[in-house]
Structures are given as structure tokens and as C-alpha cells.
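Novice: Got a predicted structure plus its sequence, pasted below:
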Amino acid sequence: MGEYKDLAHFIQFRKVDILEMILSDGGLKTYEDRENFRRLAEILESHLHFDFHRKLEILKNNYYPMNPDVDRLRRFTTEEIRQAGDRVTSTLVDVLTNANYREIERSEIESATPMDVHIPEHLFEQVRFFFRGCHRERDRTRKLFDRKKRPLEYTVLDRVVLIVRFKPHGAVSAKDRDCVAFEPGTTIIKLFKNVPEKHLKMLLPNCAPAMSLRDLLFLVLPAVVAGIPLLITQILPTLSVILLVGGAYLGLMGTLQQDSLKQAVGALTVAPVVFGFCLQHWLRYQNKCFKFQKELTEYLYFRNLVNSDGVFHSLVDSAEEEECKQMLLAYYFLLTSEREHDRESLDDAIEEWFESTHDYELDFDVSSALDRLEMMGLVHLDRNGMLTVPSLPEAMRLVDELWDNIFPYNTGDGGRDHSEQIHSVEAFGNHAFPRFRSKSRFFNALFTG
């Protein structure tokens, strides 16, 4: 899974930390400029919060028919659940992209997961993994016939989002519903932290340990090696004596001698040995299953952060913060840079600033922030591909006017009517955003990202 070795897109610093880093960088020369930038950050944050709150409501409303943790007042049809599931998936993927999560392909999971587990995949309609951030950890392990423990490195994913959609009622047999703990037609969404990539399969529901060839050899070979001498020296003679005694009592053989009876009684003492031998190896297999269940319980208890619709709140908040940090950085560098920038050079300049000033490496992605800033009129692209931004007072005025006109219900001046206000907003939109010829088109584009 070489993709994990790449630098992360997301910025580990908090939004308030980024703002303070910008204000102390020296690009904003005067106290007034720094205060204006702080006010601009505040109103930009309000815009983003309004946008992502809308996405949060879409997620919660559409997740209701398939939420396994709620008691629904009415039964939804399979088609209604499918349509709601598609809307949840598309909106959630959009939010995950804003939060700088990446999707993990199933082929990567298979190649990176050496653990053998049995998963009822025939019950899943859709399974998707997303991750954000990773780091390397070391563990000391001892190989076979090696007296020293050697360090073993493995990749740990900082945050993992799991989406599993179960098949509807008509596609699931009654036997599966009785054997597996799930509700057909529902979708589970979980957020985990610090998950080793080799244990990703353990996050799937209803997984159980599977007997690999290696485990089979470790269990069967000692049993065979220890069982052959036991079979030859004790079990076979015991069986022969027992058969002899049984045949005598049934009249199939001759009379039973006293010595034979003593041998038969003595042979019965071998039974506890055989029983203990079988019990020992059965307990070894049960111990393997117990260790797996213990590790699984640890993952679900200590590494699980939030479930179901609670995941939406966490992800939306994270996406809002990531988008705000990227917008502030993009606007600041375009405002204070001594030379012109296009998208690529701006991206490189921000990455170099983080590395040289704050000793932090990342793969900064400026595309989403520039698209949103351009849509709000805070970034202009000339015919040569160069980016320019308005001054801080002008930027504050533009954003404030957009914020004031999100809802046109209040005229605000006591004299103009509703139609006149809409006309003024459209005129402002045509002047500042030539791509959008109506207020409704502009805000639809703004709120859908």
C-alpha cells in the first residue's frame, strides 16, 4: 500500500493555530491589517459553517431510513432506502474529500492484510474504507528458532471511516438473519483511530477467525507427532483388550481369564489420557479464537470513536475546519506575495513555507480552496492563469454583503420591497461573479461546493 507513504493532504495544525501562524508571519505589516484578517477569517468561518450545516442535515435526514440504531415510525420501501443510501454515500464522500480523507481500494486491503478472517461478504451490498493520515510504529517480535526479538515496522492509519451497506430483506435468507447479528437494509458507519493496516478486515461486522494453512499445521502437526506413539503403545493394545473382554461377555469368544480382566480394567485407565490429549489440542484452538475476540473487542472499544449518525457531526466539523484552513492560507499568500502565482506555484509556496518556517511537511492541495474563493469573488483568475485577490477591506465587504443576502426575507432599509432587494442582490452577483447570472444559481453552486 504505497499510497500511505505519501505525504498527507490534511493539515494537522488546528484552525486557530493556522490563524495565529499567519498573523505572526510578518506579511501583514500593520495592526489594522492583522485585525482585518482576523475579522475576515471569522466571517469566512461563518459562511463555511452555514454550507456544511446544510450537508449535515442532508446526511441525517437521508440516513434515517437505514439507521440500525433508531426505531422508525414507518417502514420504508426497498427503493426508498436505496435512493436515500445513494444520497448519503454521495454527500458523505464529498464531505470526506473536503476533510482530506482518501479511499482505500479493496485490492489494497487484501494485499496488506495477512490476517485470515472469515467475513460474510455475501450479506454486504457495499463496503468502503476511507483513511486520513498514517504513521509507522515498531513492535518487537521473535521469529521461529530465533532467540532475539527483532523490531517489526508496520503502518498505522490515524483515522479510518468504514461504510457497510447490508443487502435488503428480499436478498437475505432467513438462515443468515438468524446466524448473523445485523438488520437487512441498514447501513453502518463507523469512525476508528490508530488502526494498523494489517487489521483492517477486523473492522468489518460479524468477522470471525479462519483457520489458515499455517494455523492448521501448528495445531495438527504436534497432535500427529504426539498421537502416533500414544496410538501404538496405549490406544491399540487397549482397544484389543476391550474387544477381547467384550467378545467374551457376548459369547463370541472363549472364556474370560482373570488376567485378561485385569488387563481390561487397566486399559480403561488410558481413557483419561486420550481425553486429556484431545482436550489439550481443542483448547489450543479455542485459545486462538479467544485471542482474536479479545483483540477485536479492544478495537471496538478503545479504537472506535463514534458510530452511525454521530460520525456525520465529526466528519462535517473536520471538513469545515480543513476547508477554512486552506482558504485562509491561499488568500494570505496571494495577498502578501511579492510575485504572482498560478495554482501550482501557490501550492509549492505554501508547502515550502510550512517546511522552512514550521518544520512540517505536507502535500498541500489548494484546488478546493481556490474554487470556493473564486466563487465568492475573493480570487480572480486572469487569462494567463495568474491569481489575484482584492484588498482586505474589499474582501471583507464582499463576504459581508454575501452573508447579509443569504436570506432575502428582511429588506433591511425599511423602504425597498422584496423584489427590489432580489434585484440588487442579482446585480451584485452579476458584477462580482460573472459566471453566475442569478442569485439562486450562485448560492446553489456555493452550497454544493
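Specialist: Nice, I can see it. Residues are numbered from 1 along each chain as shown.
Novice: Thr91: which element?
Specialist: Per DSSP states H and E: Thr91 is located in helix 78-98.
Novice: What residues sit buried inside the helix or strand that that helix is followed by?
Specialist: On the C-terminal side of helix 78-98, the closest following helix or strand by DSSP H and E is strand 102-104. Using 16 or more other CB atoms under 10 Å as the burial criterion, the residues of strand 102-104 that qualify are 102, 104. The way it works is simple: take the backbone N, C-alpha and C, and place the C-beta from them, glycine included.
Novice: how much does the helix ranked longest in the chain deviate in direction from helix 78-98?
Specialist: Criterion DSSP state H: the longest helix present in the chain is helix 31-63. Using axes from the mean of the first three to the mean of the last three CA atoms, to 10 degrees, the inter-axis angle of helix 31-63 relative to helix 78-98 is 160 degrees.
Novice: and helix 31-63, what does it pack onto?
Specialist: In this structure, helix 31-63 makes packing contacts with helix 15-23, helix 78-98, helix 310-336, helix 392-404, helix 439-448, judged by 3 or more CB pairs under 8 Å, 6 or more residues apart in numbering; DSSP states H and E.
Novice: which parts of the third one are buried?
Specialist: Looking back up the chat, that one is helix 310-336. Using 16+ other CB under 10 Å, the residues of helix 310-336 that count as buried are 311-312, 315-316, 318-336.
Novice: what mean pLDDT does the next helix or strand after that helix have?
Specialist: Per DSSP H and E, helix 310-336 leads on to helix 343-358 as the next helix or strand towards the C-terminus. Throughout helix 343-358, pLDDT has a mean value of 92.
Novice: How about residues contacting helix 343-358?
Specialist: 13, 21, 25, 329-330, 333-334, 337, 341, 360-367, 370, 385, 387 (CB atoms under 8 Å, 6 or more residues apart in numbering).
Novice: And for stretch 153-164?
Specialist: Taking contacts as CB under 8 Å, 6+ apart, the residues outside stretch 153-164 that touch it are 1, 4, 89, 92, 96, 101, 112, 124, 126-139, 187-198, 200, 203-205, 311, 315.
Novice: Could you tell me which of those residues count as buried?
Specialist: A residue is treated as buried here by neighbour count (16+ other CB under 10 Å); on that basis the buried members of the contacts of stretch 153-164 are 1, 4, 89, 92, 96, 101, 112, 124, 128-134, 187-192, 194-198, 200, 203-205, 311, 315.
Novice: just to revisit the earlier point, the longest helix of the chain to helix 392-404, inter-axis angle?
Specialist: In terms of direction (the same axes, to 10 degrees), helix 31-63 departs from helix 392-404 by 30 degrees.
Novice: and helix 31-63, average pLDDT?
Specialist: 92.
Novice: Next, the buried residues of that helix.
Specialist: For helix 31-63, burial by neighbour count (16+ other CB under 10 Å) applies to 33-34, 36-37, 40-41, 44-45, 47-48, 51-52, 55-56, 58-59, 62-63.
Novice: just for the stretch 301-449 of the chain, where's the confidence low?
Specialist: Within the stretch 301-449 of the chain, the segments meeting pLDDT under 70 span 410-449.
Novice: swap the cut-off to 80 and go again
Specialist: 301, 405-449 (pLDDT under 80).
Novice: Same question for the stretch 51-200 of the chain.
Specialist: In the predicted model of the stretch 51-200 of the chain, residues 73, 109-121, 138-152, 169-182 satisfy pLDDT under 80.
Novice: Now do the strands in it.
Specialist: Under the criterion DSSP state E, counting those that start in this stretch, strands of the stretch 51-200 of the chain are mapped to 102-104, 117-118, 124-141, 150-166, 187-196.
Novice: What helices and strands are in contact with the shortest one?
Specialist: Under the contact criterion of 3+ CB pairs under 8 Å, 6+ apart, the helices and strands touching strand 117-118 comprise strand 208-209.
Novice: What's the mean pLDDT across the strand it packs on?
Specialist: Averaged across strand 208-209, the pLDDT comes to 67.
Novice: quick one: buried residues of stretch 358-372?
Specialist: Neighbour-count burial for stretch 358-372 flags 362, 364-366, 368-370, 372 (criterion: 16+ other CB under 10 Å).
Novice: Could you do stretch 164-176 as well?
Specialist: Using 16+ other CB under 10 Å as the burial criterion, the residues of stretch 164-176 that qualify are 164-168, 172, 176.
Novice: related to what we said a few turns ago, any chance of CSV for the helices and strands packed on helix 31-63, columns distance to Glu105?
Specialist: Converted to CSV, the helices and strands packed on helix 31-63 look like this (distance: least, CB to CB, whole Å):
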stretch, distance to Glu105
helix 15-23, 31
helix 78-98, 14
helix 310-336, 20
helix 392-404, 39
helix 439-448, 27
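Novice: Minimum distance to Gln286: which of those helices has it?
Specialist: helix 310-336 (34.7 Å; CB to CB).
Novice: measure Asp69 to Tyr63 for me?
Specialist: Asp69 sits at a distance of 10 Å from Tyr63 (criterion: CB to CB, to the nearest Å).
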